[in-house]
Structures are given as C-alpha cells and as structure tokens.
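K.L.:
My questions are about this predicted structure, shown below with the sequence.
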Amino acid sequence: MELSEVVRRRRMVRRFDPARPVPRAALERCLYAALRAPSAGFSQGWDFLVLEAPEQRGAFWDASREDDDAPDDWLRGVRAAPVLVLCLSDPDTYLDRYAMPDKGWEDRDPARWPVPYWDVDTGMAALLMLLTAVDEGLGALFFGVPPARQDAVRRAHGIPHNRRIVGVVALGHELRRVEGSSRVRRRRGAEEVVHWGRFGESGAEASAP
C-alpha cells in the first residue's frame with residue numbers, strides 16, 4: 001500500500017473482533033516499525049510490553065480501571081482486541097546518553113529538556129505501529145492509562161518504576177465501525193494550522209511581495 005493511502009486510511013478503531021487473531025508476522029512487523037522511529041541522540045529509550053494471552057490482557061484491564069467502574073461501550077469494544085502493546089519510555093536512558101562525551105551534559109539535569117523527548121519519541125514509535133497496522137490490514141487504537149491506575153498496571157505486569165507508560169496500542173481486526181470525535185468535529189485545514197514565516201500568516205501572505 002502506498003504511504004499516502006496508509007496515512008489517509010489511518011483511523012482509531014474502537015470495536016475489535018475477538019474471534020480474529022493478529023498473525024504473529026503482522027505483529028512483528030508493527031513492532032519492527034516502532035524500532036525504526038527516530039530518537040534524540042539515537043537514545044532509543046523505549047520498551048514495548050506485548051500482551052497476547054487472554055490472562056495477560058485481562059490483568060491489564062483489571063488493573064487499569066476502578067473496581068466499581070461498569071464496562072461501557074468503549075471498554076467492551078476495545079477489550080476485545082487480541083493484542084495490547086504498552087509503550088513505555090525510559091528517561092534515564094536519555095539522561096545517560098546526553099551525559100556521554102559527544103553530548104557533554106554531565107549533570108543529567110532533566111530541566112535541560114524543554115519537552116520530555118523520551119515521551120515524544122515513544123509516541124512517534126507508537127504512530128509507526130498504527131501506520132503499519134493499516135498496511136497489514138489491521139485496525140489499531142492508541143489510548144492512555146489513567147494517572148490513578150498507572151501504579152496498578154505497573155504492578156500487574158512487573159513494569160519498573162523508572163518507566164513511564166506513555167500509552168497503549170490495541171491491535172486487531174475491526175468488528176464494525178464506530179465514529180469517534182471526527183464525526184462531530186471537522187479536521188482543521190492547512191489554512192488554520194500551517195503558518196509561514198511568522199505565526200498567524202498563511203502561505204498567501206508569506207509569499208506576497
């Protein structure tokens with residue numbers, strides 16, 4: 001599939017078919033794509049925890065919600081996904097990398113980072129998984145873990161406390177289409193979000209003599 005078609009067709013899937021597994025080869029291609037993501041200083045400070053077995057996925061869902069939360073349509077649809085990939089970032093890897101001689105930030109001070117690139121890079125890796133899923137004929141969804149449930153998820157899966165849970169990629173085959181926010185919110189056009197030369201100027205304004 002052409003890249004332009006992959007980008008056009010990418011969407012968040014919220015209903016998965018529990019009867020259709022994800023082929024291992026397709027899953028490995030999604031993970032391989034994640035490993036090809038860019039990272040600051042080629043730090044590669046990420047880990048991907050793959051949950052395939054029903055008991056593994058069940059442990060995640062149990063840990064990621066409050067006991068008294070009744071399953072809603074979103075949870076029932078996404079919980080059917082046969083594969084979950086937890087995307088974890090590792091700030092220490094970046095701080096160590098930039099304290100090396102070719103970078104020279106010996107104090108390892110996180111304040112040197114205007115944004116947490118460990119999370120940014122892990123997010124880009126997740127996006128490559130989402131795009132590869134389209135190319136493999138799969139549906140995919142990226143979603144987050146509520147702040148109050150992060151420690152419970154760590155305990156359930158043995159995730160070290162120095163890893164940040166950036167988000168989760170659910171993979172599977174779409175059962176039926178459910179429209180999300182894009183149904184009621186239009187996609188913003190380039191004339192609104194692309195600025196040329198100075199914030200607030202359109203391409204026409206920037207090119208005018």
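P.N.:
It's in.
K.L.:
what helix or strand is residue 170 on?
P.N.:
strand 164-172 (DSSP states H and E).
K.L.:
Setting aside sequence neighbours, what's the nearest residue to the spatially most central residue of the chain?
P.N.:
With distances taken as CA atoms, centre = their mean, the chain has residue 126 as the residue nearest its mean C-alpha position (3.6 Å). Of all residues not flanking residue 126 in the chain, residue 87 sits nearest, at 4.8 Å (CB to CB, 6 or more residues apart in numbering). C-beta: built from backbone N, CA, C; applies to glycine.
K.L.:
what about that neighbour, which SS state?
P.N.:
The three-state assignment at residue 87 reads strand, by DSSP: H, G, I helix; E, B strand; the rest coil.
K.L.:
Tell me who's in contact with it.
P.N.:
If you count contacts by CB atoms under 8 Å, 6 or more residues apart in numbering, residue 87 has them with 34, 46, 48, 122-123, 125-126, 165-169.
K.L.:
Just the pLDDT for it.
P.N.:
We have a pLDDT of 98 for residue 87.
K.L.:
repeat for residue 73
P.N.:
The model reports residue 73 with a pLDDT of 88.
K.L.:
neighbours around it, how many?
P.N.:
Residue 73: 10 surrounding residues under other CB atoms under 10 Å.
K.L.:
Then the one 3 residues further on?
P.N.:
Residues near residue 76, counting by other CB under 10 Å, number 11.
K.L.:
Phi and psi next, for it.
P.N.:
phi -60, psi -40 (degrees, to the nearest 10).
K.L.:
From residue 109, how far out is it?
P.N.:
Between residue 76 and residue 109 the computed distance is 45 Å (CB to CB, to the nearest Å).
K.L.:
The residue nearest to residue 126 pairs with what?
P.N.:
residue 48, residue 167 (DSSP bridges).
K.L.:
Leaving out chain neighbours, which residue sits closest to residue 7?
P.N.:
Per CB to CB, 6+ apart, closest to residue 7 is residue 131, 7.1 Å.
K.L.:
Do you have the helices of the chain handy? List them.
P.N.:
Along the chain, counting by DSSP state H, helices occupy 3-9, 24-35, 54-63, 73-79, 91-97, 117-135, 150-157, 190-193, 203-207.
K.L.:
still on that earlier bit, what's the offset of the strand holding residue 170 from the middle of its chain?
P.N.:
Remark: strand 164-172 is offset 5 Å from the chain centroid, using CA atoms, centre = their mean, to the nearest Å.
K.L.:
and the angle from that strand to helix 54-63?
P.N.:
Interaxial angle, strand 164-172 versus helix 54-63 (axes from the mean of the first three to the mean of the last three CA atoms, to 10 degrees): 130 degrees.
K.L.:
and the angle from strand 164-172 to helix 150-157?
P.N.:
Relative orientation of strand 164-172 and helix 150-157, computed by the same axes, to 10 degrees: 60 degrees.
K.L.:
Verify the contact between the residue nearest to the centre of the chain and residue 171 for me.
P.N.:
No - using CB atoms under 8 Å, residue 126 makes no contact with residue 171, being 11.3 Å away.
K.L.:
Cool, thanks, talk later.
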